[in-house]
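>>> What follows is a protein structure lacking sequence information:
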Ligand SMILES: Cc1cc2nc3c(=O)[nH]c(=O)nc-3n(C[C@H](O)[C@H](O)[C@H](O)COP(=O)(O)O)c2cc1C
Ligand code: SF4
């Protein structure tokens, strides 16, 4: 089909992406010791850059060793920013116009105790995981700011705060976060961690450096984000819409919309053949957030579409339609990035039949869950 929208440029803050494809952050668990970019990391991002996406997110990168969910996760701190320069250089050499943003995270209660240090936002969140004090929360917030300064030094165009999938930043915002003090209870208190971090990053990195936000519109767990109360489970987008507006005001330059929770419902994060209609729910969530803000919105969940598998059109059909109808500004490639990082260049070059379409089997996710190095088990033998 004709490409009318995927090939259009788009401004994000002071930067401009050359088209509407976004490589979503996807952990590969393949860093060198110390959480530094390895040759495999560099090779992976070179392929994304050569694949032609206008916006590339580097995978979830921990703000400290203790914040890791994966044994070989990238870690970016004030001490190691120089080690990330070859990664940025490799991407910019391959495609000087690519906007390259690194996702920062703290795994919180999902950190693995065998090599990391699980911490909870509120009591009972994950068994008897120790709960952070307000002072410790401020230390974590400041570590996000320090990692952002390090990202700028390394040459990234921006950072993305991972506030989704049940990681630490996500759990502050859940209505079931009824902790006492400044970081729990009221909506304003639950939003405080994110807003303080964004304001701090903005102040430390200036106006040109991008700050992205990855948000779960609806976690689909009792008292999760996207519900209206600590023991409610029915979807209510009031708070996701409100936090998106607050984040824009605080200096966020783009919002990537996701859903689900890693400890609750993986099929909602990445729709599989068990849950194909999740794709259309993702479309609706992204559209609802986009209506509320004036910054670019990135959509997810497209990998299941493959090539007409749903019977309602192909990957490019829905990508074009959602862009044309103003439901998103960028179409995200999650698992599809493992299956074929060159999808953008193949579609823009008029060869959709040459794409290795992701089958949404989630074999890559199984590798990640087992702390193995991640690859596509279908195409990357
Ligand atoms: C192996 C794997 C690793 C992932 N790593 C991340 C990550 O680092 N950060 C993040 O926000 N989402 C991560 N995700 C979720 C994806 O970014 C994406 O939202 C999801 O796969 C849905 O998009 P898709 O249908 O195109 O795959 C990961 C997903 C998979 C399968
Ligand atoms: S392993 Fe399966 S889900 Fe993952 S990228 Fe390959 S085809 Fe897609």
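Received it, and whenever you're ready, just let me know what you need. In this text the structure is predicted, and so the values were computed from the model without any measurement. Ligands and ions are numbered 1, 2, ... in the order given.

>>> Next, count neighbours for residue 46.
Each residue near residue 46 was counted by other C-beta atoms under 10 Å, and the total is 17. For the C-beta atoms, the positions are set from N, CA and C on the backbone; glycine is no exception.

>>> does it count as helix, strand or coil?
Each residue gets one of three states, and residue 46 gets helix by DSSP: H, G, I helix; E, B strand; the rest coil.

>>> In the stretch 201-350 of the chain, what residue comes closest to ligand 1?
residue 334 (2.6 Å; C-beta to the nearest ligand atom).

>>> what's near enough to touch that residue?
24, 26, 270, 300, 301, 302, 303 (C-beta atoms under 8 Å, 6 or more residues apart in numbering).

>>> contacting residues for the fourth one?
Translated: residue 300. Residue 300 neighbours (C-beta under 8 Å, 6+ apart): 24, 256, 257, 258, 259, 282, 286, 332, 334.

>>> at 6 Å what do you get?
Residue 300 makes contacts with 24, 258, 282, 332, 334, as judged by C-beta atoms under 6 Å, 6 or more residues apart in numbering.

>>> which residue sits closest to it, ignoring its sequence neighbours?
In space, and not counting its chain neighbours, residue 300 is closest to residue 332: 4.4 Å by C-beta to C-beta, 6 or more residues apart in numbering.

>>> Relative to the helix or strand that the one you found is a member of, what are the paired strands and their orientations?
Per DSSP states H and E, residue 332 falls inside strand 330-333. Sheet pairing for strand 330-333, assigned by DSSP bridges, gives strand 21-23 (parallel), strand 297-299 (parallel).

>>> Quick one: check stretch 69-85 for contact with ligand 1.
No. Applying C-beta under 6 Å from any ligand atom, one finds stretch 69-85 separated from ligand 1 by no less than 8.7 Å.

>>> and the end-to-end length of that stretch?
Stretch 69-85 has an end-to-end distance of 24 Å (criterion: C-alpha to C-alpha, to the nearest Å).

>>> avg pLDDT for that stretch?
Here stretch 69-85 scores 98 as its mean pLDDT.

>>> Likewise for stretch 95-104?
98.

>>> Buried residues of stretch 222-235, list them for me.
Of all the residues in stretch 222-235, those buried under the rule 16 or more other C-beta atoms under 10 Å are 223, 224, 225, 226, 227, 233, 235.

>>> Can you show me the strands along the chain?
Taking DSSP state E, the strands of the chain run over residues 10-12, 15-17, 21-23, 55-62, 99-105, 158-162, 210-216, 254-258, 297-299, 330-333.

>>> Would you tell me which of the ones you listed gets closest to ligand 2?
It is, among those and with distance given as C-beta to the nearest ligand atom, strand 330-333, at 10.0 Å.

>>> quick one: is the closest one near ligand 2?
No. Figure legend: strand 330-333 not in contact with ligand 2 (C-beta under 6 Å from any ligand atom); closest approach 10.0 Å.

>>> what residues does that strand touch?
Residues outside strand 330-333 that contact it (C-beta under 6 Å, 6+ apart): 20, 22, 23, 24, 55, 298, 299, 300, 319.

>>> possible to save those residues as CSV with pLDDT?
What follows is the contacts of strand 330-333, written out as CSV (pLDDT from 0 to 100):
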residue, pLDDT
20, 98
22, 98
23, 98
24, 98
55, 98
298, 98
299, 98
300, 98
319, 95
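
>>> Turn the residues you listed into CSV, columns for distance to ligand 1.
Below are those laid out as CSV (distance: C-beta to the nearest ligand atom, whole Å):
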residue, distance to ligand 1
20, 14
22, 10
23, 9
24, 4
55, 13
298, 10
299, 9
300, 4
319, 11
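
>>> hmm, back to that, and the residue nearest to residue 300, how far from residue 72?
Going from residue 332 to residue 72 by C-beta to C-beta, to the nearest Å gives 24 Å.

>>> Between those two, which is the more surrounded one?
residue 332 (27 against 21).

>>> who's that one bridged to?
Beta-bridge pairing of residue 332 under DSSP bridges involves residue 22.

>>> Next one, pLDDT for it please.
Per-residue confidence (pLDDT) for residue 332: 98.

>>> can you check the one 4 residues further on too?
Confidence at residue 336, expressed as pLDDT, is 97.

>>> residues near it, how many?
Residue 336 has 27 neighbours, counted by other C-beta under 10 Å.

>>> I figured it was touching residue 358, is that so?
Yes. The criterion here is C-beta atoms under 6 Å, and residue 336 meets it with residue 358 at 4.5 Å.

>>> quick one: common contacting residues for these two?
residue 303.

>>> re earlier: of the contacts of residue 300, which pair is most distant in space?
24 and 282 (11.6 Å; C-beta to C-beta).

>>> Tell me where the longest helix sits in this structure.
helix 134-154 (DSSP state H).

>>> So which elements touch that one?
Judged by 3 or more C-beta pairs under 6 Å, 6 or more residues apart in numbering; DSSP states H and E, helix 134-154 is in contact with strand 99-105, helix 187-205.

>>> Compute the inter-axis angle for the first one and helix 187-205.
Angular relation of strand 99-105 and helix 187-205 on a 0 to 180 degree scale: 130 degrees, by axes from the mean of the first three to the mean of the last three C-alpha atoms, to 10 degrees.

>>> mind listing what strand 99-105 pairs with, with the direction of each?
Partners of strand 99-105 in its sheet, by DSSP bridges: strand 55-62 (parallel), strand 158-162 (parallel).
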